[in-house]
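Visitor: Fold the following and give me the result.
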Amino acid sequence: MPALEQDIFRDQRTRCDHTPAWVALQAHFEATGRHFDVRGAFAADPARYRAFSQEAPHVFADLSRNRIDHATEALLLDLARQCGLEQQRQAMWMGEPINTTEQRAVLHHLLRQPVPPLGGADAAPFIAQAGRDVHRTLQAMLSYADSVRQDARITDIVSIGIGGSGLGPSMAVTALEEHWQAGQRVHFVSNVDGMELGSLLRRLRPESTLFLIASKTFTTAETMVNAHAARDWFLAHGGSTDTNADLPLARHFVALSTNVDAARGFGITTTFGFWDWVGGRFSLWSAIGLPIAIAVGSKMFQQLLAGAHAMDEHFYTAPLEHNLPVRLGLLDIWYRNFHGFSSRCIAPYSHGLRRLSAYLQQLEMESNGKGVDWRGQALPYATSPVVWGEPGTNGQHAFFQMIHQGKDIIPVEFIVLRQGGRDLPEQHSRLVANALAQAQALMLGRDSACGHRHFSGNRPSTVLLLERLNATSLGALLALYEHRVFVSGSLWGINSFDQWGVELGKQLASNLEPRLASGDAQGLDGATAGLLRRLRSGQQQPCEPLP
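Guide: Residues are numbered from 1 along each chain as shown. Okay, the predicted model is just below:
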């Protein structure tokens, strides 16, 4: 993208703390926001639930238990407009390089477009060509997925990847497990700890196993360590690099990568690629989603894309005041930068969504866990909260004690299904009742003369309600979170699409690994050198006496 166009994009951005709305929000918070009581707001406004509820494609949101009122939302919307959110949204949609540190467009929404080219006859040539490439790759991937599902010889599919190449597909496959192909199992390996892959390999047979190696560059360190270990196991148990052999590696290994040459050097002849404008944590919609397509079939994978596309349309067309990703992103700003809430709990009351919080941790904290703005200047305020959680009702018997009575205020996001799964449906009403009761208890609290039984209440929560958990609603829910992250990152003035914080530790590890073998501690800091010596000797090293 020419430098002039980059400047145009940057001119569309105003950092939140450089706007009049930010100053107005600070005054509003001190006047009424700091001590806002949701219980009093309900008493004063019988229509509050209706005013602070929001219908979006396949997701209904109840925001009424949050510490907001109409004046707060109006000021937050002013902030969004003064920061140029609508222009930044358009820049992403049209393929401008909004990932400014890597000079890349951000077009994961293009992976969900039903018919290329995006924008019809008015689409830029780059976008139109990208749309055609997406659909060509998608059809090839889905055709392959269905062929694997029909292959009775394959009983186990092992997807080897890490980060977005593992978390997203693993979460989606788990969520849709009711629809898995009978007789086939999908496994995910990400940790370089040999216990994960090794314990799995002991249960597999090479002739009935398909390995998917998911790495955009085919050089990701952890992924390639596991890939080579799987390859060694396969060859040691009767496999061959000869494509004409009875058990050829080329039939049992597939690459999800842009590096076709490296995959071929590994012995792989079937590769499904994607593009540099697909970030890892936004990649489950691409070829990285092949394990999802194998698990649930091409039709259901397309339903996943359709649900996400419906949320894309809502985000790109709905007015800001009726736009659910926008409203949630603005709420995140209000809580993080004015109330000072440093974490948010994700509580899905669905066994199928048990991996959702792990997926959202990467989506949000890797995207928005930044301390500098898009120009590289230090920020004077906090950005991403800590995102964490566990499915209900398990969380109620673990950390909900702290959420109800601890000193920290932790907003909770309850995800509830109106209809449960196919198994033991009579238990679903009890599950839903627990979710509603927790949200009610957080808001209302309970007065008691006994301090141990006192609940302060006025603790914020949001309820996201899905009709049922299926591919369509899951796609919409995930796209909702993606766009929400974009909204808050845009207002904070950061680049939500790079992840330089991932790199340093990996670089240092590559330097330390040979030192573990050689014992060379030259130039290391004292703590690292001491641990290196202890790891090599297996004996405790005496501490030097204090001076």
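
Visitor: so residue 28 makes contact with residue 73?
Guide: No. Counting by CB atoms under 8 Å, residue 28 sits too far from residue 73 to count as a contact (11.0 Å). No exception for glycine: its C-beta is placed from N, CA and C like everyone else's.

Visitor: Where do the strands of the stretch 301-450 of the chain begin and end?
Guide: Assigned strands in the stretch 301-450 of the chain, in chain order: 343-348, 386-389, 412-417 (criterion: DSSP state E, counting those that start in this stretch).

Visitor: Can you tell me which of the ones you listed is most buried?
Guide: The highest average neighbour count among the strands of the stretch 301-450 of the chain, using mean count of other CB atoms under 10 Å, belongs to strand 343-348 at a mean of 24.

Visitor: Tell me which strands it pairs with, and in which orientation.
Guide: According to DSSP bridges, strand 343-348 forms sheet pairs with strand 386-389 (parallel), strand 412-417 (parallel).

Visitor: got these as TSV, with distance to residue 400 and mean pLDDT columns?
Guide: Rendered in TSV, the data for those read as follows (distance: least, CB to CB, whole Å; pLDDT from 0 to 100):
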stretch	distance to residue 400	mean pLDDT
strand 386-389	11	98
strand 412-417	9	98
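
Visitor: Just put those in a markdown table and tack on distance to residue 282.
Guide: Conversion of these to a markdown table gives the following (distance: least, CB to CB, whole Å):
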| stretch | distance to residue 282 |
| --- | --- |
| strand 386-389 | 16 |
| strand 412-417 | 20 |
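
Visitor: hmm, back to that, distance to residue 363 for the strands of the stretch 301-450 of the chain - can I get that in a markdown table?
Guide: A markdown table is the format used below for these (distance: least, CB to CB, whole Å):
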| stretch | distance to residue 363 |
| --- | --- |
| strand 343-348 | 11 |
| strand 386-389 | 8 |
| strand 412-417 | 13 |
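
Visitor: Map the structural domains onto the sequence of the chain.
Guide: Under automatic domain parsing, the residue ranges defining each domain of the chain are 3-96+318-372+390-495, 109-298, 504-537.

Visitor: what mean pLDDT does the second one have?
Guide: The predicted model assigns domain 109-298 a mean pLDDT of 93.

Visitor: and if you look at the shortest one?
Guide: pLDDT averaged over domain 504-537 equals 94, rounded to a whole number.

Visitor: that older thread, among the strands paired with strand 343-348, which is nearest residue 427?
Guide: The closest of these to residue 427 is strand 412-417. By CB to CB, the value is 12.3 Å.

Visitor: so what's the residue nearest to residue 259 when sequence neighbours are not counted up against?
Guide: In this structure, residue 259 finds its nearest non-sequential neighbour in residue 218, 3.9 Å apart by CB to CB, 6 or more residues apart in numbering. With contacts defined as CB atoms under 8 Å, 6 or more residues apart in numbering, the neighbours of residue 218 are 224, 255, 257-259, 262-263, 266.

Visitor: so which strand or helix has the residue lying closest to residue 194 once chain neighbours are set aside?
Guide: Of all residues beyond its chain neighbours, the one nearest residue 194 is residue 229 (7.2 Å), with distances taken as CB to CB, 6+ apart. Secondary-structure assignment from DSSP states H and E places residue 229 in helix 221-236.

Visitor: After that helix, which helix or strand is next? Please name it.
Guide: Next in sequence after helix 221-236, counting helices and strands by DSSP H and E, comes helix 249-252.

Visitor: Report all helices and strands that that following helix contacts.
Guide: The elements that helix 249-252 packs onto, with contact taken as 3 or more CB pairs under 8 Å, 6 or more residues apart in numbering; DSSP states H and E, are strand 209-214, helix 221-236.

Visitor: what angle do the helix holding residue 229 and strand 209-214 make?
Guide: Between the axes of helix 221-236 and strand 209-214, defined by axes from the mean of the first three to the mean of the last three CA atoms, to 10 degrees, the angle is 160 degrees.

Visitor: give me the low-pLDDT residue ranges for the stretch 401-547 of the chain?
Guide: For the stretch 401-547 of the chain, applying pLDDT under 70 flags the ranges 539-547.

Visitor: Break down it into its helices, ranges please.
Guide: With helices called from DSSP state H, counting those that start in this stretch, the stretch 401-547 of the chain shows them at 428-444, 471-492, 503-518, 526-537.

Visitor: Nearest approach to residue 402 belongs to which of the strands of the stretch 301-450 of the chain?
Guide: strand 343-348 (9.6 Å).

Visitor: how about the closest one as PDB, C-alpha atoms only?
Guide: Included here for strand 343-348 are C-alpha records, laid out as PDB according to Å, rounded to 0.1, in the frame of the first residue of the first chain:
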ATOM      1  CA  SER A 343     -10.400  -8.800  34.300                       C
ATOM      2  CA  ARG A 344     -13.600 -10.200  32.800                       C
ATOM      3  CA  CYS A 345     -14.900 -13.700  33.500                       C
ATOM      4  CA  ILE A 346     -16.400 -15.800  30.700                       C
ATOM      5  CA  ALA A 347     -19.000 -18.300  32.100                       C
ATOM      6  CA  PRO A 348     -20.600 -20.400  29.300                       C
END
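
Visitor: List buried residues within the contacts of residue 218.
Guide: Buried members of those, scored by 16 or more other CB atoms under 10 Å, are 224, 255, 257-259, 262-263, 266.

Visitor: So which of the residues you listed is the closest to residue 523?
Guide: Checking the buried ones among the contacts of residue 218 against residue 523 with CB to CB, the nearest one is residue 224 at 27.1 Å.

Visitor: so what's the closest one up against?
Guide: Counting by CB under 8 Å, 6+ apart, residue 224 has contacts 215, 218.

Visitor: and the gap between it and residue 231?
Guide: Residue 224 sits 10 Å away from residue 231 when distances are taken as CB to CB, to the nearest Å.

Visitor: next one: residue 395
Guide: For residue 395, the distance to residue 231 (CB to CB) stands at 40 Å.

Visitor: next one: residue 439
Guide: Applying CB to CB, one obtains 49 Å for the distance of residue 439 from residue 231.

Visitor: do residue 319 as well
Guide: Residue 319 sits at a distance of 53 Å from residue 231 (criterion: CB to CB).

Visitor: So for the two, which residue has more residues nearby?
Guide: Legend: neighbour count by other CB atoms under 10 Å for residue 319 and residue 231, higher for residue 231 (20 against 9).

Visitor: That one reaches residue 252, doesn't it?
Guide: No. In terms of CB under 8 Å, residue 231 does not count as a neighbour of residue 252; the distance is 9.7 Å.

Visitor: Tell me the one of the contacts of residue 218 nearest residue 130?
Guide: Taking CB to CB as the measure, residue 130 lies nearest residue 258 of the contacts of residue 218, at 13.8 Å.

Visitor: if we can go back for a sec, right, and the domains of the chain - which one's nearest residue 310?
Guide: With respect to residue 310, and counting by CB to CB, the nearest of these is domain 3-96+318-372+390-495 at 3.7 Å.

Visitor: How far does that closest one sit from its chain's centre?
Guide: Relative to its parent chain, domain 3-96+318-372+390-495 has a centroid offset of 15 Å by CA atoms, centre = their mean, to the nearest Å.

Visitor: same check, this time on stretch 79-97
Guide: When C-alpha coordinates are averaged (CA atoms, centre = their mean), stretch 79-97 and its chain have centres 21 Å apart.

Visitor: got the buried residues for it?
Guide: Taking 16+ other CB under 10 Å as the neighbour-count basis, stretch 79-97 is seen to contain the buried residues 79-80, 82-86, 88-89, 91-97.

Visitor: can you give me the strands for the stretch 51-200 of the chain?
Guide: Listed from the start of the chain, the stretch 51-200 of the chain has strands (DSSP E, counting those that start in this stretch) covering 53-56, 59-62, 156-160, 185-189.

Visitor: just those: most buried one?
Guide: strand 156-160 comes out most buried of these by mean count of other CB under 10 Å, with a mean of 24.

Visitor: picking that back up, quick one, which of the helices and strands packed on helix 249-252 is nearest to residue 68?
Guide: For these, distance to residue 68 was read as CB to CB. The smallest value, 40.2 Å, belongs to strand 209-214.

Visitor: For that closest one, output the C-alpha coordinates as PDB.
Guide: Coordinates of the C-alpha atoms in strand 209-214 are reproduced here as PDB (Å, rounded to 0.1, in the frame of the first residue of the first chain):
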ATOM      1  CA  THR A 209      -4.400 -42.000  11.300                       C
ATOM      2  CA  LEU A 210      -4.300 -38.800   9.400                       C
ATOM      3  CA  PHE A 211      -2.000 -36.000  10.600                       C
ATOM      4  CA  LEU A 212      -2.800 -32.300   9.800                       C
ATOM      5  CA  ILE A 213       0.300 -30.000  10.200                       C
ATOM      6  CA  ALA A 214      -1.000 -26.500  10.800                       C
END
